[in-house]
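Student: here is the input, now give the coordinates:
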Amino acid sequence: MMDYLQLIEDLTNAKGMSGFEDEVIEVINKHKGNYTLQVDNLKNCYLNLDQVDPTKPTVMLDSHLDEVGLMVKAIDKDGLILIQTIGGWVPSNLTAQVFYVRNREGKYYKGISATKPIHFMTPEEREKKIAISDIKIDMGATSREQVVNDLGIEIGQPIVPATKFSYNEVTRTILAKAFDNRIGTACAIAIMRDLADEVGDFPFNLVAAPAAQEEVGTRGASLTVKRVQPHIAKGHPPMTLPMPKSSYKGNLARDHKSVTVTIPM
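Tutor: Purely as a prediction, here's the structure:
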């Protein structure tokens, strides 16, 4: 039996903002077992796609690789990084947090998010809700030149939370980032691994297809579903898979949580 906690630890610790899912793909490759891993140009992953029998219906295990993150929007003269959100964020959740910022060589440096100190705020500013434009990442630098030249950080580089996996044995709970949707990806991998000795004998094809760039518009799933052509796609809430018209063979039924999409034969 595979080590499920180790799988979740490796997946959640991987840095993989939308469009930068490479570390997550490395983890899938590490835990895939004897399956063939295929990766397309959008960085979508496919397990067992090469074993599909066209005479059988296909079940696809859907999840997504990417996590919400930030992007370097600008660097001011004092070396503070202005941010652009990638995916959905509540601005107040971004303050006073430690983040990893990637440089041009792919190395990640730690920085901390900051806003104007309360003792510098006007009474009106203290009452105002925090906006993304109020938040900057402090890398410990003193100038823009130091950030760009010494740290190698440029506009357009990804930023992700620096949260590390931990397991509380008393409460049996996990603290980590990117549960959406590394838990779904862990489930897909675990199912494929646990069924590895039987999957070839099923009356249907079973394919896992963790998709890229879900947090910016389910872009990856739009491609995986066309490539796999599933009759049933099992995903995570609240995802809805954009099934291509060529797959329809009857009425489409979807439960209220958007977890299951079925195409009757």
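Student: use CA for all of it now, contacts and neighbours both
Tutor: OK.
Student: which residue ranges of the stretch 101-250 of the chain form helices?
Tutor: Assigned by DSSP state H, counting those that start in this stretch, the stretch 101-250 of the chain shows helices spanning 123-127, 144-145, 179-194, 219-228.
Student: okay, now the unreliable bits of the stretch 1-150 of the chain?
Tutor: Residues of the stretch 1-150 of the chain meeting the criterion pLDDT under 70: 1.
Student: and what of the stretch 151-265 of the chain?
Tutor: 236-265.
Student: pipe the helices of the stretch 101-250 of the chain into CSV and attach distance to residue 162 per row.
Tutor: Output for those, formatted as CSV (distance: least, C-alpha to C-alpha, whole Å):
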stretch, distance to residue 162
helix 123-127, 28
helix 144-145, 23
helix 179-194, 14
helix 219-228, 25
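Student: relative to residue 199, how far out is the spatially most central residue of the chain?
Tutor: For the chain, the residue nearest the mean C-alpha position is residue 66 (1.9 Å; C-alpha atoms, centre = their mean). Distance of residue 66 to residue 199, computed by C-alpha to C-alpha, to the nearest Å: 27 Å.
Student: pretty sure residue 155 sits against residue 70.
Tutor: No. Here residue 155 lies out of contact with residue 70, judged by C-alpha atoms under 8 Å, at a distance of 11.4 Å.
Student: now residue 199, nearest residue through space, not along the chain?
Tutor: Closest residue in space to residue 199, ignoring its immediate chain neighbours: residue 206 at 7.0 Å, by C-alpha to C-alpha, 6 or more residues apart in numbering.
Student: correct me, but that neighbour touches residue 59?
Tutor: Yes. At 5.0 Å, residue 206 counts as touching residue 59 under the criterion of C-alpha under 8 Å.
Student: and these two? which has more neighbours close in?
Tutor: Per other C-alpha atoms under 10 Å, whichever of residue 206 and residue 59 has more neighbours is residue 206, with 26 against 19.
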